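**Q** build me a model:
(2 chains)
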Amino acid sequence: MVKEQKIRTRIAPSPTGYPHIGTLYQALFNFAPAKKENGAFIVRIEDTDRTRFVEGAEEVIYSILDWSGLTENESPRKLGAFGPYRQSERLMLYRKYVTELLDKGHAYYSYYPKANAGIKKDYAKKVDTSQEVVTNQKPPISIEEMIESGEWIIRMKVPKNTQITFKDEIRGDITFASEQVTDQVLLKSDGFPTYHLAVVVDDHLMGITHVIRGEEWISSTPKHILLYKYFEWDIPLFYHTPDLRNKDKSKLSKRHGHTNVNWYREEGYVPEAILNYLALLGWSHPNEKEIFDINDFIEHFDLGNIRAVGPMFDLVKLTWMNQQYLQNFSLPELKKRIISFYPKAKELKNLEKLIELSQTRMETLKDFEKLTSHFVKTPEVSVTEKEKLIAKDLVVKLNSIENWDSTVIFTAMKEVMTTHGVKMPILYQLLTGSPKGLPLPQSLELLGKDESIARLDAISTS
RNA sequence: GGCCCCAUCGUCUAGUGGCCUAGGACGCCGGGCUUUCAUCCCGGCAACACGGGUUCGACUCCCGUUGGGGUCACCA
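**A** Have a look, this model is predicted:
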């Protein structure tokens, strides 16, 4: 009998650069089910490709996890009972299992001349690459010798004329003819495993129960299934989530949109909004809610209910969602966010009041700086003769105000507008450099009588 | 090109044989509120890719076509 096992999920990022939005998406869909069942969400670093390794990339992954609140239970920085969590530190393990495969006859040495390295196949043009691998040479005796020669690799043996079927929990059974599966390289000439060997060994050893990963892995899953069978291990549940898409429906990429999580962060998107938006891609809340927090998501998320259709990443809707979050923050919370995003905000007089006025006018935190720029310095505006007269009149009106208050200021402004037959945007332009923005009477009230009049004086006499 | 996956408004989606003259959200258009701009409220436009079946009845099931995507590395 299989004993009741707590759910264990993982993301397996490669430290090859910046944090990808797709990684965050995967993290969310792995984090939630683990949290819901009180299981474990693991981060395993897949650094088996030494040529693509980027120093510091691992820390960058943690930073977005911390920023978004999807904190892992086990990882290289949070050791659990299944370490090490960095594949480069598990080399001896992979060699042990590859030896087992060799002994069982499920893997073999293959001679691979260095001259063939780096050849990329072009399938559309039917390039014949069948001569790349020469296997009829005498194999070295040990893995150590193999590594030393640098021209030997170990491949897995794929049976001929069979069907390999596995169940994708989102799509159902998927079958591949074994002819479609190549004798995958398991151990590279440098002694490092390929993804395919490492992922199977590690998922098994780390007790991963649900493999939740991108759909790009579907076609290599048969290789993994074969390995599970060779090792006689239990096969975990597979959930292949849809890949996020560009506007042209191709897999989300740098060329077409923003894939770096840090871009969103720097543009003033809050993590709650990003997570909420991501949650809605491929999944929907049972009662069609659009705005919900992470706890709501954890409570209602159902892995089996993910759609298999690749959703387009829509920045416009994300932006709307971000605006909703900013608007629903309490004032103290919003203040906190603004200051951490834009530290200079602390130097602003009447900060609380400005935030209050800005709240419904911000789509991103970045907007606060723009909205309040005329408080930081006098805007430079070019004015017509008529506008100079308007400014002059307004100075007279404002000067006579005893009780400097926005409603009184507004009345004065209205009178001037009526006299000159102009509308509000003209005054906004004169005083803030933009025809739209924070309510003008309030702006002047906060700016103070002297400063307001000084600015108008400058305009009328320019 | 082989194989695999997918197919509801422009976009994200609800829909699991009759509740569908297809619902919601973003966006767009129009209106209301209004101190510009927003917010907020109301209304509107807009989709089941196509063709065959199965069934009393298909958006829902099956097959095909078309279209889109992925994959076919000593990258993950």
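**Q** switch to C-alpha atoms for all contacts and neighbour counts from now on
**A** Will do.
**Q** Provide the backbone phi and psi angles at the residue lying farthest from the centre of chain A.
**A** Largest separation from the mean C-alpha position in chain A: A:S400, at 55.5 Å (C-alpha atoms, centre = their mean). The phi/psi pair for A:S400 (degrees, to the nearest 10) reads phi -80, psi 0.
**Q** where does the stretch 251-400 of chain A come near RNA strand B, residue by residue?
**A** A:251, A:280-284, A:288-290, A:305-314, A:316-317, A:320, A:324, A:360-362 (C-alpha under 7 Å from any atom of the strand).
**Q** quick check: ChimeraX command selecting the buried ones in those residues.
**A** Those of these that count as buried under 16 or more other C-alpha atoms under 10 Å are selected in ChimeraX with:
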select /A:251,280,281,282,283,284,306,307,308,310,311,312,313,320,324,361,362
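**Q** ranges for the strands of chain A?
**A** A:8-11, A:40-43, A:107-111, A:152-156, A:163-168, A:172-177, A:185-187, A:210-214, A:237-241 (DSSP state E).
**Q** wait, A:K35 touches A:H300, no?
**A** No - in this structure, A:K35 is not within contact of A:H300 by C-alpha atoms under 8 Å, at 11.6 Å.
**Q** which of those two has more residues huddled nearby?
**A** The neighbour count for A:K35 versus A:H300, taken as other C-alpha atoms under 10 Å, is higher for A:K35 (20 against 16).
**Q** residues contacting that one?
**A** A:41, A:298 (C-alpha atoms under 8 Å, 6 or more residues apart in numbering).
**Q** same check on A:Y94?
**A** A:193, A:197-198, A:201.
**Q** look at it and report its pLDDT.
**A** Here the pLDDT value assigned to A:Y94 is 97.
**Q** against A:E100, how distant is it?
**A** 10 Å (C-alpha to C-alpha, to the nearest Å).
**Q** so what sits against both of the two?
**A** Common neighbours of A:Y94 and A:E100 (C-alpha under 8 Å, 6+ apart) do not exist.
**Q** tally up the residues packed near A:D173, please.
**A** 10.
**Q** just list whatever residues bridge to it.
**A** A:K167 (DSSP bridges).
**Q** give the contact list for A:M413.
**A** A:L394.
**Q** mind running it again at 6 Å?
**A** For A:M413, the contact set (C-alpha atoms under 6 Å, 6 or more residues apart in numbering) is empty.
**Q** cool, A:T241 as well?
**A** A:213-215.
**Q** with respect to RNA strand B, which of the contacts of A:Y94 is nearest?
**A** Distance to RNA strand B across the contacts of A:Y94 (C-alpha to the nearest atom of the strand) is lowest for A:P193, with 6.3 Å.
**Q** right, and the closest one touches A:Q184 too?
**A** No - using C-alpha atoms under 6 Å, A:P193 makes no contact with A:Q184, being 11.0 Å away.
**Q** who's more crowded, the two?
**A** Taking other C-alpha under 10 Å, A:P193 and A:Q184 do not tie; A:P193 has more neighbours (27 against 17).
**Q** ok, the more buried one - contacts?
**A** Counting by C-alpha under 6 Å, 6+ apart, A:P193 has contacts A:186-187.
**Q** how close does it sit to A:I21?
**A** For A:P193, the distance to A:I21 - C-alpha to C-alpha - is 27 Å.
**Q** cool, A:E299 as well?
**A** In terms of C-alpha to C-alpha, A:E299 sits 23 Å off from A:I21.
**Q** for A:S373, same thing?
**A** From A:S373 to A:I21 the distance is 31 Å (C-alpha to C-alpha).
**Q** neighbour count: these two, which is higher?
**A** Shown here are A:S373 and A:I21; by other C-alpha under 10 Å, A:I21 has more neighbours (22 against 14).
**Q** leaving out sequence neighbours, find the closest residue to A:Y25.
**A** Nearest residue to A:Y25 in three dimensions, chain neighbours excluded: A:L278, at 6.2 Å (C-alpha to C-alpha, 6 or more residues apart in numbering).
**Q** now the helices for the stretch 201-350 of chain A?
**A** A:221-231, A:261-266, A:271-279, A:294-300, A:315-328, A:331-341 (DSSP state H, counting those that start in this stretch).
**Q** tell me what the residue lying closest to A:L102 once chain neighbours are set aside is bridged to.
**A** Excluding the flanking residues, the one nearest A:L102 by C-alpha to C-alpha, 6+ apart is A:Y108, at 6.0 Å. Beta bridges link A:Y108 to A:R155, judged by DSSP bridges.
**Q** what's the burial count for A:Y108?
**A** With other C-alpha under 10 Å as criterion, A:Y108 counts 21.
**Q** what's the answer for the one 5 residues further on, then?
**A** By other C-alpha under 10 Å, 14 other residues sit near A:P113.
**Q** model confidence for the closest residue to A:D168 other than its chain neighbours, exactly?
**A** Spatially, and ignoring its direct neighbours in sequence, A:D168 is nearest to A:F238 (5.2 Å; C-alpha to C-alpha, 6+ apart). Listed pLDDT for A:F238 reads 97.
**Q** residue contacts, A:T259?
**A** So, once contact is read as C-alpha under 6 Å, 6+ apart, A:T259 ends up touching A:20-21.
**Q** the contacts of A:T241: which ones sit near RNA strand B?
**A** The residues of the contacts of A:T241 that also fall near RNA strand B, by C-alpha under 7 Å from any atom of the strand, are A:E215.
**Q** among the contacts of A:T241, which one has the most neighbours?
**A** Going by other C-alpha under 10 Å, A:R213 tops the contacts of A:T241 with 24 neighbours.
**Q** what bridges to that one?
**A** A:H240.
**Q** looks like it contacts A:P242 (just checking).
**A** No - between A:R213 and A:P242 there is no contact under C-alpha under 6 Å: 8.8 Å.
**Q** A:Y85: how many residues sit nearby?
**A** The tally of other residues near A:Y85 (other C-alpha under 10 Å) stands at 24.
**Q** on that earlier part again, the helices of the stretch 201-350 of chain A into a markdown table, with extra columns for mean pLDDT?
**A** Converted to a markdown table, these look like this (pLDDT from 0 to 100):
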| stretch | mean pLDDT |
| --- | --- |
| helix A:221-231 | 98 |
| helix A:261-266 | 96 |
| helix A:271-279 | 98 |
| helix A:294-300 | 97 |
| helix A:315-328 | 98 |
| helix A:331-341 | 98 |
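**Q** any idea which of those helices is most buried?
**A** For the helices of the stretch 201-350 of chain A, average neighbour numbers computed from mean count of other C-alpha atoms under 10 Å are highest in helix A:271-279, which has a mean of 21.
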